[in-house]
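Colleague: Sequence and predicted structure, then a few things I'm wondering about:
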Amino acid sequence: MRINDPNLLKRLSELSVELRPAAKLSELTSLGIGGTTDLLRITKHDSLPDLLAFLDENHIPHKFLGGGSNLLVDDGELPWVVLQLASPEPDVVLKGNFAHVDAAADLGRTVTFCAKHDLGGMEGLIGVPGTVGGALRMNAGAYGMQIGSYVREVKLYRSATRQIETLRGHQISFEYRHTSFASDDMMLAVILELPSKPYTEILKGIRICNEKRRSSQPLGQKSAGCIFKNPPGASAGRMIDELGLKGLSVGDAQVSDRHANFFVNTCRASAKDMLALIASVRERVQKAYGVALENEVVVWNA
Ligand SMILES: Cc1cc2nc3c(=O)[nH]c(=O)nc-3n(C[C@H](O)[C@H](O)[C@H](O)COP(=O)(O)OP(=O)(O)OC[C@H]3O[C@@H](n4cnc5c(N)ncnc54)[C@H](O)[C@@H]3O)c2cc1C
């Protein structure tokens with residue numbers, strides 16, 4: 001979708017929005033898949049309520065992009081614009097055991113920055129790409145921990161009230177790759193409370209997690225991490241592996257031969273290829289195990 005009308009462009013600039021016309025989502029997502037649309041970079045949180053009202057009034061649908069590491073975006077010209085927060089400087093401020101973090105901050109850099117100041121707990125998240133906002137939305141986690149456990153406060157734009165509000169940790173429920181935020185709430189900033197730990201000890205944990213990822217995940221290839229959520233008490237990857245589906249492909253979309261729940265784009269996979277591969281694997285698992293696998297990857301259909 002393109003915004004060409006000079007009046008609309010003028011208003012966007014008044015709202016401190018930087019417009020990147022015809023952005024290629026394939027260049028902004030870790031899967032390397034996705035068509036083209038206008039990207040609106042938000043440089044001031046306070047302008048969000050007016051910006052969203054403006055988009056509504058002008059019938060311009062939107063989606064919200066973090067780091068693009070958990071997304072499968074449709075091909076071709078996309079029928080909505082994409083909003084993304086620009087990261088302020090600094091994007092992490094520490095006050096005692098509390099880390100005040102902007103939602104646009106890179107998750108890995110945030111974990112390392114806190115670690116260097118003897119604040120631990122998030123070692124498992126090292127190697128999870130994307131932003132802190134995306135991690136909050138997905139309740140990102142690994143190796144027995146999840147970001148939600150450390151959340152004390154979230155500043156967000158709430159679609160229900162159309163205002164920027166602050167929620168306390170106990171007002172939000174964080175479950176396995178699921179949160180109680182409404183689908184069009186936008187995370188703007190978070191306060192994390194992290195346990196004190198010596199840097200050397202945190203570093204040991206980080207190295208262990210890094211090694212586990214290196215030995216089991218196709219890190220050099222384009223992926224979106226795990227495609228399916230693990231069903232209660234079971235492992236999606238193990239079921240796919242047991243069915244001998246590693247290496248199965250549709251066009252350039254392939255079930256990784258390192259980790260059966262990672263689907264990779266080996267060259268120029270389209271969203272159509274990837275969706276067909278997902279459907280095929282889901283159907284085979286359903287037939288063999290009677291389990292309906294649920295997507296962990298977020299699909300943006302045109
Ligand atoms: C190699 C690899 C390994 C991975 N390992 C893990 C893992 O171990 N554990 C894990 O949990 N995930 C993992 N992931 C998936 C992914 O990195 C996480 O889900 C990550 O937290 C997504 O953040 P993002 O900023 O990239 O979000 P995006 O992919 O940009 O968006 C994901 C969803 O969050 C929404 N969103 C993004 N930012 C905001 C915001 N500020 N406000 C509101 N909504 C927002 C988007 O609209 C979308 O619905 C992995 C991915 C890769 C490629």
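Modeller: Perfect, thanks for sending it. Predicted model only: the values in this text are computed from it and were never measured. Numbering: from 1, shown residues only.
Colleague: Pull the number of nearby residues for D46.
Modeller: 12 (other C-beta atoms under 10 Å). Every C-beta, even on glycine, is put in place using the N, C-alpha and C of the backbone.
Colleague: show me the residues around it that make contact.
Modeller: Residues near D46 by C-beta atoms under 8 Å, 6 or more residues apart in numbering: I164.
Colleague: Angles on the backbone of it, please.
Modeller: phi -60, psi -20 (degrees, to the nearest 10).
Colleague: residues from the stretch 51-200 of the chain in reach of the ligand?
Modeller: 63-71, 103, 128-131, 133-135, 137-138, 140-142, 186-187 (C-beta under 6 Å from any ligand atom).
Colleague: Can you show me the strands along the stretch 101-250 of the chain?
Modeller: For the stretch 101-250 of the chain, the strands defined by DSSP state E, counting those that start in this stretch occupy 141-142, 145-146, 151-158, 163-168, 174-175, 178-179, 186-193, 249-250.
Colleague: Packed most tightly, which of these would that be?
Modeller: strand 186-193 (a mean of 22; mean count of other C-beta atoms under 10 Å).
Colleague: Just checking: what are the partner strands of that strand?
Modeller: Sheet pairing of strand 186-193 (DSSP bridges) gives strand 98-102 (antiparallel), strand 151-158 (antiparallel).
Colleague: coming back round to it: with distance to T200 and mean pLDDT as extra columns, can I get the strands of the stretch 101-250 of the chain in TSV?
Modeller: What follows is these, written out as TSV (distance: least, C-beta to C-beta, whole Å; pLDDT from 0 to 100):
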stretch	distance to T200	mean pLDDT
strand 141-142	22	96
strand 145-146	19	96
strand 151-158	26	98
strand 163-168	33	97
strand 174-175	29	96
strand 178-179	33	96
strand 186-193	21	98
strand 249-250	44	98
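Colleague: Which residue comes closest to V299 once chain neighbours are left out?
Modeller: L72 (4.9 Å; C-beta to C-beta, 6 or more residues apart in numbering).
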